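Enquirer: How does the following fold in three dimensions:
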Amino acid sequence: MIKEILNTEVKSTENEGLLINVIKHYTLKHEVKVPFQIPNFSVLLIKAGNLRIQFSSQRKVIRRRDLLVIPVNSICTHLETSDNIQLYLIRTSFDFVLDNCYKKELADAFSILMLQSDHKVKLDEKDFTVLSMIYKLMFFLQRTSENKQVFNDLRRISFNLFIYELKLIYSKYLPEVNLDFKRKESLTIQFLTVLAIHFRKQHHVQFYAGALYVTPGHLNKMVKLGTGKSAKTFIIEALIIEAKNLLENSKFSIAMIADELEFSSAANFGEFFRRHTNILPSEYRSSKK
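Expert: Below you'll find the model as predicted:
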């Protein structure tokens, strides 16, 4: 069940990019411990019980009052769930965030959270109570049959409240994760967010520049100024990291991985991988066995 709710993609046509789960009664069942991908930005809050989950090679135990931010396209393995687990989960899409944040700085803050490595935060009782109430509010709104316009307005308000609360929590518990950005940093943040969602299918700077309504040259310049690396370098690194994940954690053939990452052929994928790692995909997979 944990795998089912985490790796089900949020479809804009069905729920307009935002889905809230409140699980009070969990039925334990056997799940094969195989890696799966989480396609949405997800924020998990544990009310009771505990959950053991693995991200790549790092294992986490999530307990009561733990908040876990799960970035887009994370590869994880569900290891174990206690029989008394109760949790809140919000899943959303990048498009929903852009369309529904009242302030640009909120969208930027949320975007950078989407790119962070998975952070676990142990909340105190007060912060846990406040955040769980916001989850409940959004869950209630999701189930209501009010006037469509009223529903949209209330959902937008509650979602912005959720982001504000996340910013407060991060400033309190993880101040090193800076969520306040200058205007000149926004384009880089937006590029990295769009990249996290589309890198599997879009390998060229032109696509990202077009999505952000700037020229490829301007995008490269701003990304290089902000990070020291070009936009193209980020695209290559994202593809190599994902290729390594698939080679290590899936039973896909190399031809299937090439297709998954939108390469024209297994040979082209192999040449790309070798050029940037000095090793063939088959050799890399063999070295990890």
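
Enquirer: okay, CA-based contacts and neighbour counts for the rest of this
Expert: Fine.

Enquirer: Next up, the contacts around the residue positioned nearest the centre of the chain.
Expert: For the chain, the residue nearest the mean C-alpha position is Val72 (2.0 Å; Cα atoms, centre = their mean). Contacts for Val72 (Cα atoms under 8 Å, 6 or more residues apart in numbering) come out as Ile38, Pro39, Asn40, Phe41, Ser42, Met114, Leu115, Ala196, Ile197.

Enquirer: Now do it against Asn84, distance only.
Expert: 27 Å (Cα to Cα, to the nearest Å).

Enquirer: buried ones in the helix or strand harbouring Lys47?
Expert: Using DSSP states H and E, Lys47 sits within strand 41-48. When burial is assessed from 16 or more other Cα atoms under 10 Å, strand 41-48 yields the following buried residues: Phe41, Ser42, Val43, Leu44, Leu45, Ile46, Lys47, Ala48.

Enquirer: Lowest-confidence one in those residues?
Expert: Minimum pLDDT across the buried residues of strand 41-48 is recorded for Phe41, with 84.

Enquirer: right, and that one touches Pro71 too?
Expert: Yes - contact criterion Cα atoms under 8 Å: Phe41 and Pro71 qualify, at 5.3 Å.

Enquirer: Overlap of the contact sets of the two?
Expert: Common neighbours of Phe41 and Pro71 (Cα under 8 Å, 6+ apart) are Met114.

Enquirer: And Lys3, which helix or strand is it part of?
Expert: In this structure, Lys3 sits in helix 2-6 according to DSSP H and E.

Enquirer: what mean pLDDT would you report for that helix?
Expert: Mean per-residue pLDDT for helix 2-6: 69.

Enquirer: so the residue nearest to Leu137 when sequence neighbours are not counted, which of the three states?
Expert: Sequence neighbours aside, Ser158 is the residue nearest to Leu137 in space, at 7.2 Å (criterion: Cα to Cα, 6 or more residues apart in numbering). With DSSP: H, G, I helix; E, B strand; the rest coil as the basis, the three-state label of Ser158 is helix.

Enquirer: Counting by contacts, list what whichever strand or helix holds Gln37 packs against.
Expert: Using DSSP H and E, Gln37 sits within strand 36-38. Other elements packing on strand 36-38 under the criterion 3 or more Cα pairs under 8 Å, 6 or more residues apart in numbering; DSSP states H and E are strand 74-81.

Enquirer: Which strands border the strand it packs on, and is each parallel or antiparallel?
Expert: Sheet partners assigned to strand 74-81 using DSSP bridges are listed as strand 36-38 (antiparallel), strand 51-55 (antiparallel).

Enquirer: If you count neighbours, what's buried in the longest one?
Expert: Okay, so that is strand 51-55. Here strand 51-55 shows Leu51, Ile53, Gln54, Phe55 as buried, counting by 16+ other Cα under 10 Å.

Enquirer: CA atoms of the strand or helix carrying Val97 as CSV?
Expert: Element membership for Val97, per DSSP H and E: helix 94-100. What follows is helix 94-100, C-alpha atoms only, in CSV (Å, rounded to 0.1, in the frame of the first residue of the first chain):
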residue,chain,number,x,y,z
PHE,A,94,5.4,21.4,-10.6
ASP,A,95,2.6,22.9,-12.7
PHE,A,96,0.2,23.1,-9.8
VAL,A,97,2.9,24.9,-7.7
LEU,A,98,3.5,27.5,-10.4
ASP,A,99,-0.2,28.1,-11.0
ASN,A,100,-1.3,28.3,-7.3
